[in-house]
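In: Sharing a model that was predicted from the sequence below.
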Amino acid sequence: MNAEPQFPLVPLVYAITLGCPKNRVDTEVMLGDLLSHGYVLTADPREADVLLVNTCGFLREARDESIETLKEVARDMRPGSRLVAAGCMTEVFRREIAEAVPEADLFLGTRELLRLRGLLEGSTERNRAMPSAANPRLVTTGDRLAYLKVADGCSRRCSFCLIPRLKGRQHSRTPDDILAEAGDLAAVGVREVVLVAQDLVHYGADLPGRPGLASLVRRLAREVPTFRWIRLMYLYPRDLDDELLEVVSSHDNVLPYLDLPVQHADDRVLAAMRRGTSRRSLEALVDRVRRQVPGAVLRTTYMVGFPGETREAFEGLLSFARRARFEMAGVFLFSPEPGSRAAELPGQVAKATRERRRKRLQTVLDTVAADMFQAVNGQVHEALVESSGGRGAVGRLWFQAPEVDGVLRLSRCEAPEGEFVDVRITGIRHGDYLGEEA
């Protein structure tokens, strides 16, 4: 363990974020608090006085990455510096971190982000306040894009998921607090805001009066009109209501892009997952969304190899994927996480079988994606230019969420970075769209 720090007049902080966009927001809040009190950000871990690694504990693979990242940072840190392990992995797996990375001498859970500065400066006061619009935040996603976290934690009990153990029950921010932060983001030029939470569709259920997601999104669309794109991520399929779909279809700045993680489509598997859905209800949901939101682009995630997934169950999942035709989709292998109910279920599927099934499902999804490209090839769609150089540029079409749906590569573009342009789609390469300014 390092000795009590003797920071210079201008302490330098280095930070790495692992995992999801919600983790990124947490890092931005911690950095905002530090930088507003005299700390300075550095890109070189070798010169930092404070090295912050915001870990991910959701899956074994993510925890392994967190440990390796902490080890790499520890090798670069100089004597007298502080190595901070923060984030959801520290909530349950703190001992594992301490044993693997003895250089880590500060641990910070997800519900004590605003305690970091006090810990660095020797305070023992416990600050478990939820970050609000009043807390400074260093947005790290560029000049035009920002994530807006509206709630944290999860009150559902999916049998494969550790989030409730890692983050606790859902706690939502008030609509007024969210709108205040949205106004601050708009004031500094943000034009695309992505609403995130572990369970976005359940937003507000824990607040007095139960303000819903539809009401929040409607207020954002009306009260912050400079947001060109409002994007919704992580919408639990069971509770997506018609009111939200009406908001999406009636406001031009709310993108008809909906992320609906269905996980599976076999009724027995869904029951064992504790999802509260069935194949029939999921098919009805997809049909309802496409009917009520014309032109909607849907994203989902599938999980293969869940305990009890028979050959017949997997074939049913393939047929559902062919019928539902989600335009964007990701596939994950089931991971038996310690402490989850699913890890103890009978009928565990061999890893080799899980991998074979993942490849088969990916082949189906690739075919659906190819059909989507054929449908949009030659069409003109709005895009955001994110970087440009020479005559080319890189950006995203409205139906490409940041970090998960690839990018748009423009062979000819005169618009500067941060501008929205109309783009004619001309091709696709390695999952990225190709186009030119229309």
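Out: That came through, no problem. Residues are numbered from 1 along each chain as shown.

In: quick one: the strands in the stretch 251-400 of the chain?
Out: For the stretch 251-400 of the chain, the strands defined by DSSP state E, counting those that start in this stretch occupy 254-259, 297-304, 328-333, 380-389, 392-397.

In: so which of those comes closest to residue 100?
Out: Closest to residue 100 of these is strand 328-333 (C-beta to C-beta; 23.6 Å). C-beta: built from backbone N, CA, C; applies to glycine.

In: What mean pLDDT does the closest one get?
Out: Strand 328-333 carries an average pLDDT of 95.

In: other SSEs contacting that strand?
Out: With contacts taken as 3 or more C-beta pairs under 8 Å, 6 or more residues apart in numbering; DSSP states H and E, strand 328-333 sits against strand 297-304, helix 351-376.

In: one step back: format the strands of the stretch 251-400 of the chain as TSV; extra columns: distance to residue 11.
Out: Converted to TSV, the strands of the stretch 251-400 of the chain look like this (distance: least, C-beta to C-beta, whole Å):
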stretch	distance to residue 11
strand 254-259	39
strand 297-304	40
strand 328-333	39
strand 380-389	31
strand 392-397	35
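
In: Same list (the ones you listed) but as CSV, adding mean neighbour count and distance to residue 213.
Out: CSV is the format used below for those (neighbours: other C-beta atoms under 10 Å; distance: least, C-beta to C-beta, whole Å):
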stretch, mean neighbour count, distance to residue 213
strand 254-259, 22, 11
strand 297-304, 22, 17
strand 328-333, 18, 21
strand 380-389, 18, 24
strand 392-397, 20, 23
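
In: any idea how far residue 252 lies from residue 229?
Out: Remark: distance between residue 252 and residue 229 (C-beta to C-beta, to the nearest Å) = 10 Å.

In: So which of the two has more stuff around it?
Out: residue 229 (20 against 11; other C-beta atoms under 10 Å).

In: In the stretch 301-438 of the chain, where is pLDDT below threshold?
Out: 390-391 (pLDDT under 70).

In: Please repeat the previous calculation with a cut-off of 90.
Out: Counting by pLDDT under 90, the ranges of the stretch 301-438 of the chain that qualify are 339, 387-392, 411-418, 430-431, 438.

In: So residue 122 lies in a helix, does it not?
Out: No. Assignment of residue 122 by DSSP: H, G, I helix; E, B strand; the rest coil gives coil, placing it outside any helix.

In: any idea how far residue 106 is from it?
Out: For residue 122, the distance to residue 106 - C-beta to C-beta - is 11 Å.

In: What segments of the stretch 51-200 of the chain are strands?
Out: 82-87, 104-108, 145-149, 151-152, 171-172, 192-196.

In: Starting from the fourth one, tell me which strands it pairs with and how they run.
Out: Strand 151-152 has these partner strands in its sheet, going by DSSP bridges: strand 171-172 (antiparallel).

In: Now tell me what touches the strand it pairs with from outside.
Out: The set of residues external to strand 171-172 that reach it, using C-beta atoms under 8 Å, 6 or more residues apart in numbering, is 130, 150-153, 197, 203-207.

In: Go through these and name the one nearest residue 28.
Out: residue 152 (13.8 Å).

In: from what I can see the closest one touches residue 196, true?
Out: No. Using C-beta atoms under 8 Å, residue 152 is not in contact with residue 196; the gap is 9.7 Å.

In: Between the two, point out the one with more neighbours.
Out: residue 152 (25 against 22).

In: list the contacts for that one?
Out: 22, 110-111, 130, 167, 170-171, 197-198.

In: And residue 191, by the same measure?
Out: Residue 191 is in contact with 144-145, 226-229, 384, 418, 420, counting by C-beta under 8 Å, 6+ apart.

In: Let me have the residues you listed in JSON lines, adding distance to residue 177 as columns.
Out: As requested, those are exported to JSON lines (distance: C-beta to C-beta, whole Å):
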{"residue": "144", "distance to residue 177": "23"}
{"residue": "145", "distance to residue 177": "21"}
{"residue": "226", "distance to residue 177": "19"}
{"residue": "227", "distance to residue 177": "17"}
{"residue": "228", "distance to residue 177": "23"}
{"residue": "229", "distance to residue 177": "22"}
{"residue": "384", "distance to residue 177": "27"}
{"residue": "418", "distance to residue 177": "27"}
{"residue": "420", "distance to residue 177": "28"}
